[in-house]
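> please work out how this folds:
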Amino acid sequence: MVGLPRDQVRDDFDAGRMRPEWSWVLEDEGRLVGRALWWGRDGSTPSALDALDVLPEVDDPRTAAVDLLRAGLGEHAAAAGSQLPSFTVRVPGSWRDDERSVRAVAWRCKALADVDITESLERRQYAWTPEYGVPAASTRVKFRPGSDAEFVELFRQAARGSLDVETRRALVSTDELSQARDDVEFYAGCPGERAWWKIATGRDGEAVGFIVPSATPYHRNVGYLGVLPGHRGKGLVDDLLGEVTRVHAQAGADRITATTDMTNLPMATAFERAGYQLTEVRLVLEAPR
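Now for the predicted structure:
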């Protein structure tokens, strides 16, 4: 397992991203044996379960985890409405070859299924650091600012044929335009700056894609990039990712994080070509929508 660093947990509590009222512990005769820590950027309700841990000597970690989940989810669901917070299990990239990691994932997944959190998504987490070099500026794509309306339209177009699992799931219950508006609203609410967003144009000035460099509370982040359907298959993802990396690197970033679905092999190979290193795999579990 790749657990949360102690310093990060401490910093999250100091910053209000984790709070005592969002945190639950399990005791056995006065001894702490488990914890469930929920996380949120702001507001009165958390958006994610960030840690679900039970001490190794507990005989039945699944049951212990269910007790923690039911205590916390009962309160959070009442406050947040119908959609329960998601949970991310962090594991090494080769976790399926490690018996200890397999067991740790299994009891967590079973406990979450016991409280109706049954949908899963496996994602790769990457990171870039300066020793891997800053890409040269693209010679075939230019970048310009764009309005919110333009980005809504670009998100709408990029959703067609997207390999992104969350996008495909969302389009089952909503239309492309509504989803695009939600995407723009989401990234506008992230810690990154709106001025970083750019539209990619070809030599004729036509939009071929777009980049939405972003940030988390911890590091600069690739955010989102999309190649429009009519321009896919030309390797433009490298130009877009290179520009995102340049934007952050030129601002002095010493670490840029990125995430893509396990099934999105073109994006994963683009990260690897750009010098991004696989740091962990994340299993994202959530309740059906």
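> in a strand, that's where S44 is, yeah?
No: counting by DSSP: H, G, I helix; E, B strand; the rest coil, S44 is not part of a strand but coil.
> okay, now it: neighbour count?
By the criterion of other CB atoms under 10 Å, S44 has 10 neighbours. All C-beta spots, glycine's among them, are computed from the backbone N, C-alpha and C.
> contacts only, for G34.
Residues counted as contacts of G34 (CB atoms under 8 Å, 6 or more residues apart in numbering) are V25, L26, D53, V54, L55, V58, P61, A64, A65, D67, L68.
> tabulate those residues (TSV), appending pLDDT.
Formatted as TSV, the contacts of G34 follow (pLDDT from 0 to 100):
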residue	pLDDT
V25	95
L26	94
D53	95
V54	95
L55	94
V58	93
P61	95
A64	95
A65	96
D67	94
L68	94
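> which of those residues fall in strands?
Of the contacts of G34, the ones assigned to strands by DSSP state E are V25, L26, D53, V54.
> what bridges to the closest residue to V227 other than its chain neighbours?
Closest residue to V227 apart from its sequence neighbours, by CB to CB, 6 or more residues apart in numbering: G209 at 4.3 Å. According to DSSP bridges, the partner residues bridging G209 are A200, V227.
> OK, contacts around the closest residue to E27 other than its chain neighbours?
Among residues not flanking E27 along the chain, V33 sits closest, at 6.8 Å (CB to CB, 6+ apart). Residues in contact with V33 (CB under 8 Å, 6+ apart) are L26, E27, V54, L55, V58, A64.
> repeat for D239
For D239, the contact set (CB under 8 Å, 6+ apart) comprises S138, R140, V141, A200.
> of those residues - the most surrounded one?
Within the contacts of D239, A200 tops the neighbour count with 27 neighbours, counted by other CB under 10 Å.
> contacting residues for that residue?
The contact partners of A200, taken as CB under 8 Å, 6+ apart, are V141, K142, F143, A207, V208, G209, F210, I211, L236, D239, L240, E243.
> go through the contacts of D239 and flag which are in helices.
Among those, no member falls in helices (DSSP state H).
> and which of the residues you listed is nearest E166?
A200 (22.1 Å; CB to CB).
> from L55, how far off is the closest one?
According to CB to CB, to the nearest Å, A200 stands 50 Å off from L55.
> let me see the contact set for the residue nearest the centre of the chain.
Compute the mean C-alpha point of the chain, and by CA atoms, centre = their mean the closest residue is T259, 5.9 Å away. T259 sits next to R123, R124, Q125, Y126, V222, R282 when contact means CB under 8 Å, 6+ apart.
> compare the residues you listed and tell me which is most surrounded.
Within those, most neighbours by other CB under 10 Å means V222, with 26 neighbours.
> return the per-residue confidence for that one.
Per-residue pLDDT puts V222 at 98.
> next: A79.
Turning to A79, the model gives it a pLDDT of 57.
> same thing with P46?
pLDDT for P46: 88.
> settle this for me: it is touching A36, isn't it.
No: the pair P46 / A36 is not scored as a contact, 10.6 Å apart, by CB atoms under 8 Å.
> domain parsing for the chain?
The chain breaks down by automatic domain parsing into domains covering 6-117, 131-277.
> did I read that right, S162 in a helix?
No: assigned with three-state DSSP, S162 falls outside any helix and is coil.
> distance of it relative to L26?
As judged by CB to CB, S162 and L26 stand 40 Å apart.
> what of A71?
A71 is 8 Å from L26, where distance means CB to CB.
> higher neighbour count, the two?
When A71 and L26 are compared for neighbours, L26 comes out ahead with 19 against 14, by other CB under 10 Å.
> list the contacts of the more buried one.
Shown in contact with L26 (CB under 8 Å, 6+ apart): L32, V33, G34, R35, V54, A64, D67, L68.
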